[in-house]
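> the sequence isn't on hand, but the structure is:
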């Protein structure tokens, strides 16, 4: 009995200790993230226009109803889908291809890894500025230098609506493909070599080996990369903001940028809040779907 | 086997080398540009041969639009946010990783879920609230905002390090009646010193690179260097050499930290995802 009491008190002691250690962090998270979330939900139900403060007040679901007939909103949804889809597919395909190639190079991997780290650690706003000036500006930019040399002529990469969308997709892909590359390279390096040797003896060709051995083995890593890349793409901001500001017009205005511009350029924080709530819902829905997918397969 | 097909090896190396040059080149090009005169920057075709100048660095450091105050601003915000984050995250990570208590799974999930909030959805309520209490353009406001992304990240990264400590060490310390706090301090923490260092650097790096919160909540007093870089392009349209010099100075710390941390980058970038999806 005394042993049982001792065990019980030890358990109680552990519980108290855990709460004491975890408590401060949870309280801070409640104050810094959950309280603002509640405030956001509330402000999305209000009309808040800083330029016309006398119009402010409770508006019910007006902000949400307004979206239905707002072409800029639908445009931003479409752009979000295109931007996210394109950047994630490009990152995974290029990253995986490079990782498979680099794995076969016996020496020099260290140098390549350092080069891959450069884009990742740069501030996205600086990346956007580099591309806007040194890489993509007409005439003196690096890309124009290449296209002119190849006889494809000079282009206004960030000024033309379609080229601007392609450009911001390229910028994001440039910055984050190293992430997919590094994660997949690390995963590939842990695969047992004898499996491949056996398959080679069975005369399986390179494509068969990739499809039936490599891909199933690295699927969990690929799914994880896809999930993380989708999350980053959905909340991409600084690089686009610095490169195009969402323009020309609203050609590169993904939902995240639309919510920002509505709130802080047009100072319509009520409608901006509602747009942010929609973005939050999309983020939650997409991540829920992907985690389900991962658990089902994994 | 190896050296069997040297041509194929060479081709492989060239393809990989080209792909990776694409990543390094814009950064190296910016470095080169930072030593050019504005005249040389706008030369067509772009030139590799020029007489280098330090004028751009002199100008961005000591000129009229010096970025020194912005660098100081970044140092203050990033350092304080990192310290505060680590003080809260290390104990919380230990509780989540090692101790048994009710609602453990729920609390872990809560910490993870706070990361789902899109930054724009957080910055709007912060702006409204801080404006109401007159705290826009203050360090306190911006640092509180930085906790929203650094704290969940740091907690989960620390959990992964605490989980690597062998259980026996903890049990041995507890059998010695050392007391839980003393066991944590004297036995467990020394085991995760490396993890604490890595987490600290990551948190600092993320805070240093942040832009959206800084541009919305900052102002004349609190203006981190990322915002200063952005203002550069809108104010001084074609002074790219200066922009490059400023960017090189602003990014030097994170580039050096990144290279120093290269072994840990993958772990830092994937933390949380491993937890959220797998295990349970």
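Thanks, I have the structure now. If you're wondering where the values come from, they're calculated on a predicted model, not measured in any experiment.

> give me the buried positions along stretch A:43-63.
The neighbour-count check on stretch A:43-63 (16 or more other C-beta atoms under 10 Å in any protein chain shown) flags A:43-50, A:59, A:63 as buried. Any C-beta I mention is one placed from the backbone N, CA and C, and that applies to glycine too.

> how about the helices in the stretch 101-250 of chain A?
A:109-121, A:124-130, A:142-149, A:161-189, A:193-201, A:206-209, A:215-234, A:238-243 (DSSP state H, counting those that start in this stretch).

> among the ones you listed, which gets the worst mean confidence?
When these are compared on mean pLDDT, helix A:193-201 scores lowest, with a mean of 78.

> determine how far that helix lies from the middle of the whole chain.
On the basis of C-alpha atoms, centre = their mean, to the nearest Å, helix A:193-201 sits 36 Å off its chain's mean C-alpha point.

> tilt between that helix and helix A:215-234?
Using axes from the mean of the first three to the mean of the last three C-alpha atoms, to 10 degrees, the inter-axis angle of helix A:193-201 relative to helix A:215-234 is 120 degrees.

> per-domain residue ranges of the chain.
Using chain A. If you go by automatic domain parsing, the domain ranges for chain A are A:2-43, A:68-297.

> meant chain B actually
Listed domain ranges for chain B are B:6-53, B:61-277 (source: automatic domain parsing).

> mean confidence for the shortest one?
The pLDDT scores in domain B:6-53 average 83.

> okay, the domains of chain B in CSV with distance to residue A:251 and mean neighbour count next?
Listed next are those as CSV, based on distance: least, C-beta to C-beta, whole Å; neighbours: other C-beta atoms under 10 Å in any protein chain shown:
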stretch, distance to residue A:251, mean neighbour count
domain B:6-53, 23, 15
domain B:61-277, 19, 19
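
> what about the lengthiest helix in chain B and chain A, touching?
If you go by DSSP state H, chain B has its longest helix at helix B:68-98. Yes - counting by C-beta under 8 Å from any C-beta of the partner chain, chain A is contacted by helix B:68-98 at B:88-89, B:91-92, B:94-96.

> which strands or helices does that helix pack on?
Judged by 3 or more C-beta pairs under 8 Å, 6 or more residues apart in numbering or on different chains; DSSP states H and E, the packing partners of helix B:68-98 are helix A:2-29, helix B:104-113, helix B:139-162, helix B:193-209, helix B:225-235, helix B:240-260.

> is whichever helix or strand comes after the fourth one in proximity to chain A?
Translated: helix B:193-209. Sequence order places helix B:212-217 as the next helix or strand after helix B:193-209, per DSSP states H and E. Yes - using C-beta under 8 Å from any C-beta, helix B:212-217 reaches chain A at B:212, B:216.

> tell me the mean pLDDT over helix B:212-217?
Helix B:212-217 comes out at a mean pLDDT of 97.

> residues in contact with it?
A:237-238, A:241, A:260, A:264, B:77, B:119-120, B:123, B:126-127, B:130, B:136-137, B:141-142, B:145-146, B:222-224, B:226-227, B:230 (C-beta atoms under 8 Å, 6 or more residues apart in numbering or on different chains).

> quick one, phi/psi of residue 55?
Using chain A here. Backbone geometry at residue A:55, expressed as degrees, to the nearest 10, gives phi -90, psi -10.

> I figured residue B:47 was touching residue B:39, is that so?
No - counting by C-beta atoms under 8 Å, residue B:47 stays clear of residue B:39, with 10.2 Å between them.

> quick check: residue A:98 vs chain B, distance?
5 Å (C-beta to the nearest C-beta, to the nearest Å).

> the inter-axis angle of whichever strand or helix holds that residue versus helix A:161-189?
Using DSSP H and E, the element containing residue A:98 is helix A:71-103. On the basis of the same axes, to 10 degrees, helix A:71-103 is oriented at 40 degrees to helix A:161-189.

> buried ones in helix A:71-103, by neighbour count?
Going by neighbour count (16+ other C-beta under 10 Å), the buried part of helix A:71-103 is A:73, A:75-77, A:79-80, A:83-84, A:86-88, A:90-92, A:94-96, A:98-103.

> on contacts alone, who are the packing partners of that helix?
helix A:161-189, helix A:215-234, helix A:255-264, helix B:6-33.

> show the average pLDDT along that helix.
With pLDDT averaged residue by residue, helix A:71-103 scores 95.

> follow-up on the earlier one: as CSV, the helices and strands packed on helix B:68-98 with mean pLDDT and distance to residue A:274 would be great.
Converted to CSV, those look like this (pLDDT from 0 to 100; distance: least, C-beta to C-beta, whole Å):
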stretch, mean pLDDT, distance to residue A:274
helix A:2-29, 84, 24
helix B:104-113, 92, 21
helix B:139-162, 95, 20
helix B:193-209, 95, 28
helix B:225-235, 87, 27
helix B:240-260, 93, 35
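
> nearest to residue A:141, of these?
Closest to residue A:141 of the helices and strands packed on helix B:68-98 is helix B:240-260 (C-beta to C-beta; 10.2 Å).

> show me how far the closest one is from its chain's centre.
Distance, centroid of helix B:240-260 to centroid of chain: 13 Å (C-alpha atoms, centre = their mean).

> neighbouring contacts of whichever helix or strand comes after that helix?
Under the assignment DSSP H and E, the closest C-terminal helix or strand after helix B:240-260 is helix B:265-270. Contact with helix B:265-270 is made by A:117, A:120, A:179, A:182-183, A:186, A:224, A:228, B:157, B:160, B:198-199, B:202, B:258, B:261, as judged by C-beta under 8 Å, 6+ apart.

> 10 Å - rerun?
With contacts defined as C-beta atoms under 10 Å, 6 or more residues apart in numbering or on different chains, helix B:265-270 is touched by A:113, A:116-117, A:120-121, A:176, A:178-179, A:182-187, A:221, A:224-225, A:227-228, A:232, B:153, B:157, B:160-161, B:195, B:198-199, B:201-203, B:205-206, B:258-259, B:261, B:274.

> avg pLDDT for it?
Rounded mean pLDDT across helix B:265-270 is 78.

> any idea how far that helix is from the middle of the chain?
The chain centroid and the centroid of helix B:265-270 are separated by 12 Å under C-alpha atoms, centre = their mean.

> next: stretch A:72-92.
In this view, stretch A:72-92 has its centroid 11 Å away from the chain centroid, taken as C-alpha atoms, centre = their mean.

> one step back: and the helices of the stretch 101-250 of chain A, which is most packed in?
helix A:124-130 (a mean of 27; mean count of other C-beta atoms under 10 Å in any protein chain shown).

> that helix packs against which elements?
When contacts are defined as 3 or more C-beta pairs under 10 Å, 6 or more residues apart in numbering or on different chains; DSSP states H and E, helix A:124-130 sits against helix A:161-189, helix A:238-243, helix B:6-33, helix B:193-209, helix B:212-217, helix B:225-235, helix B:240-260.

> quick one: closest of those to residue A:146.
helix B:6-33 (11.2 Å).

> if I pick the residue nearest in space to the middle of chain A, what's in contact with it?
Centroid check for chain A by C-alpha atoms, centre = their mean gives residue A:232 as the closest residue, at 1.4 Å. When contacts are counted by C-beta under 10 Å, 6+ apart, residue A:232 is found next to A:84, A:87-88, A:91, A:124, A:172, A:175-176, A:179, B:269.
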